[in-house]
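> Only the shape, not the letters, is given here:
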């Protein structure tokens, strides 16, 4: 098989599997800090129980994120040597700053956050939690800066075919960066709030009515209910930014084949790139013009303007729809759950049953969104600077295929184990309820299986 | 050679990268070594051994990310050449590191009856990662030779590096534990030392004979005289440490950190020898550090951050080690 498509699949597989875990740790760090601060303020041990249930999820997710992140740092060289050769002068410092300012901070203080509860003062432990949460967020900042620069490059000039930095401020805060960063941080917040709400709903279904369950459930549901409208607004702004800087991506997202006014909003279709038309189309007349240009006769860019220079339509079109559809479902579920919690102080069983699989809705939306934006950048690796096909390395297709297959098997195995542990932890917490020994008193570090675990 | 920034910056980054690799090898060396020694330990001992590295391994592995990151950002051309040549071993290394890293957490969180499975995965991951690193070192020393000779030599170095890591792991266990496990670790250290010494001798002899250029750097007068402390000191340290293993552990646990520090010193000496052999090349005999380096402006931007941040990193790493100082006992962490 073609090493290019295999390398793309391998990179896609690695980074898809990787992003699942930072998406959790970025926001979960702050949620843990919230639990900790509530405990510091109220002295209510239920907050600390919630903290110690979720800090285990954090530790596991963090470890998964680290080991898959190490893979990423090698992938650039093993599969895409052309990337660093062409834009290394820009990408290099951004990656270096991520490692220096974020990676070490998280890694060093993670130990204290996880195992240092009885070793340092409460104040230092809180500080360690802040540093770990801050580190994950700073890490996201640098990576999003680099990714956005690849989408909308700025602040550089080409000399002898190699990109050289001219203005670092313009490179870091390139046109799409603020939008993408906000969109991703909110996505992380939503992923975590639905994860917490979903696993707490599982505990609820198992009959657990403990204080720590309620606290986690409320935190998850209310955070989700607050974040989702903000996210829908931020996503819309991000889309308008894409329209301005990467119109060909918008054309593919809307499966709009011809530039013109009165473009319908396609709800369902099977885009056929060979025939340049949509099959089985269901659409709202003038919808896309209205959404993107805020007027029914607004001109929306079509794929005909970008012949040979636009992304594949099918995955971008569907990636976008899965993301938006999941978002709308999140809105419905989080608001109904918030209503029931606020007014009735209970959850109807069907809603709780729906919330359990929705625990992973954040992952689905995040992946679908990233697929939309990353496939939407094709055929470019760095828009207008470097084509993906020109960056691939000289490694034989058979090597890439073999390693890809093993990665996929490994990831499937790890994903099952990871989800299994999440469910196991939730069920165990449901069984213990508020009778679990308080971790502050428990004479064990969290790397150790405590009695009965 | 003029000392302007375009000349100095690649040199500084080569130094930083070397430092990051050395710190990685020493720090993650004992983590990986403890993973290898898992095969020889009892259940209860395994928990203690994990407790001895649990709070540190994550930060230790980050030095590898920094080392590869520096190679990537400072010497992008070399990063591509080296990693595409070592495609499969790098892949094996990553699989090993993934398994090892997640096993840390899974073994403590899965239902008890599945813990054994993750203990085995922890051992396998550590072993695979160590072997892959040794193999890559061997192939690199022979100038990225992936013919039969290179592979055979790579396999030899792989075994020896795994043994060296096991020695580091044993030395760390001596430092962090007491009682029977500590005595056991002394015996592990003695066995592993023999293979470590063999491996260092093999690499030291193979390097000059594989490349006439390196041969000329070592075996000319008066360089030979200046360089002689490297092998002599290493040999003396080996012998001294070997003798120490018959006297450890000592009363009141004196010198329990000495074996670890001695091994770290031996690693540093060996590393200095390698650095001297390969300088100024980053891809042996093909690309010098100046040919492979990024633009000076970009290196300057990275250096500015590094100068500020690296001391802070080293400071809080020491702090973290101090917080978790003392003996790692069974389940209590006080």
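Received, thanks. Bear in mind the structure is a predicted one, so any value in this text is a computation, not a measurement.

> so who does the residue of chain B found nearest chain A touch?
Nearest residue of chain B to chain A (Cβ to the nearest Cβ) works out as residue B:80 at 2.7 Å. Backbone N, C-alpha and C define where each C-beta goes, glycine included. Contact analysis of residue B:80 by Cβ atoms under 8 Å, 6 or more residues apart in numbering or on different chains lists A:77, A:81-82, A:84-85, A:393.

> next one: residue B:328
With contact taken as Cβ under 8 Å, 6+ apart, residue B:328 is in contact with B:48, B:51-52, B:176-177.

> How many residues are close by the residue in chain A that chain B sits nearest to?
The nearest approach of chain A to chain B comes at residue A:81, 2.7 Å away (Cβ to the nearest Cβ). Neighbour count of residue A:81, defined by other Cβ atoms under 10 Å in any protein chain shown: 25.

> Residue A:77 too?
By the measure other Cβ under 10 Å, the count of residues near residue A:77 is 25.

> And it, what's its pLDDT?
On the pLDDT scale, residue A:77 is placed at 75.

> and it, what element?
Secondary structure assignment for residue A:77, by DSSP states H and E: helix A:45-79.

> Tell me which other helices or strands that helix touches.
helix A:3-42, helix A:81-98, helix A:104-115, helix A:211-245, helix A:397-432, helix B:57-74, helix B:76-85, helix B:87-109 (3 or more Cβ pairs under 8 Å, 6 or more residues apart in numbering or on different chains; DSSP states H and E).

> Using JSON lines, please lay out the ones you listed together with mean pLDDT.
Output for the helices and strands packed on helix A:45-79, formatted as JSON lines (pLDDT from 0 to 100):
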{"stretch": "helix A:3-42", "mean pLDDT": "90"}
{"stretch": "helix A:81-98", "mean pLDDT": "85"}
{"stretch": "helix A:104-115", "mean pLDDT": "82"}
{"stretch": "helix A:211-245", "mean pLDDT": "90"}
{"stretch": "helix A:397-432", "mean pLDDT": "89"}
{"stretch": "helix B:57-74", "mean pLDDT": "83"}
{"stretch": "helix B:76-85", "mean pLDDT": "82"}
{"stretch": "helix B:87-109", "mean pLDDT": "87"}
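
> Let me know the distance separating residue B:98 from residue A:367.
As judged by Cβ to Cβ, to the nearest Å, residue B:98 and residue A:367 stand 20 Å apart.

> These two: which is more packed in?
Neighbours were counted for residue B:98 and for residue A:367 using other Cβ under 10 Å; residue B:98 has more, 25 against 19.

> mind checking which of the helices and strands packed on helix A:45-79 is nearest residue A:314?
Proximity to residue A:314 (Cβ to Cβ) singles out helix A:3-42 among those, at 15.2 Å.

> can you give me the angle that closest one makes with helix A:397-432?
Here helix A:3-42 runs at an angle of 20 degrees relative to helix A:397-432 (axes from the mean of the first three to the mean of the last three Cα atoms, to 10 degrees).

> does helix A:3-42 come close to chain B?
No - applying Cβ under 8 Å from any Cβ of the partner chain, one finds helix A:3-42 separated from chain B by no less than 9.3 Å.

> so how far is that helix off the chain centroid?
In this view, helix A:3-42 has its centroid 7 Å away from the chain centroid, taken as Cα atoms, centre = their mean, to the nearest Å.

> what packs against that helix?
Applying 3+ Cβ pairs under 8 Å, 6+ apart, one finds that helix A:3-42 makes contact with helix A:45-79, helix A:122-151, helix A:177-205, helix A:211-245, helix A:361-375, helix A:397-432.

> The stretch 151-300 of chain A against chain B: which residues are in contact?
A:162, A:164-165, A:168.

> okay, those in JSON lines with neighbour count, pLDDT and secondary structure next?
JSON lines is the format used below for these (neighbours: other Cβ atoms under 10 Å in any protein chain shown; pLDDT from 0 to 100; DSSP: H, G, I helix; E, B strand; the rest coil):
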{"residue": "A:162", "neighbour count": "17", "pLDDT": "86", "secondary structure": "strand"}
{"residue": "A:164", "neighbour count": "16", "pLDDT": "86", "secondary structure": "strand"}
{"residue": "A:165", "neighbour count": "20", "pLDDT": "84", "secondary structure": "strand"}
{"residue": "A:168", "neighbour count": "16", "pLDDT": "89", "secondary structure": "helix"}
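
> Return the distance of the residue located most distally from the centre of chain A relative to residue A:383.
The centre of chain A is farthest from one residue, residue A:160, which by Cα atoms, centre = their mean lies 36.4 Å away. With distances taken as Cβ to Cβ, residue A:160 is found 20 Å from residue A:383.

> Can you verify my assumption that residue A:144 contacts residue A:187?
No - taking Cβ atoms under 8 Å as the definition, residue A:144 is not a contact partner of residue A:187, at 11.1 Å.

> Who has more neighbours out of those two?
In this view residue A:144 and residue A:187 are compared by other Cβ under 10 Å, and residue A:187 has more residues nearby, 26 against 22.

> Skip the chain neighbours and tell me the closest residue to the more buried one.
Once flanking residues are discounted, residue A:187 sits nearest to residue A:366: 4.9 Å by Cβ to Cβ, 6 or more residues apart in numbering or on different chains.

> Run a quick neighbour tally on that neighbour.
Using other Cβ under 10 Å, residue A:366 is surrounded by 24 other residues.
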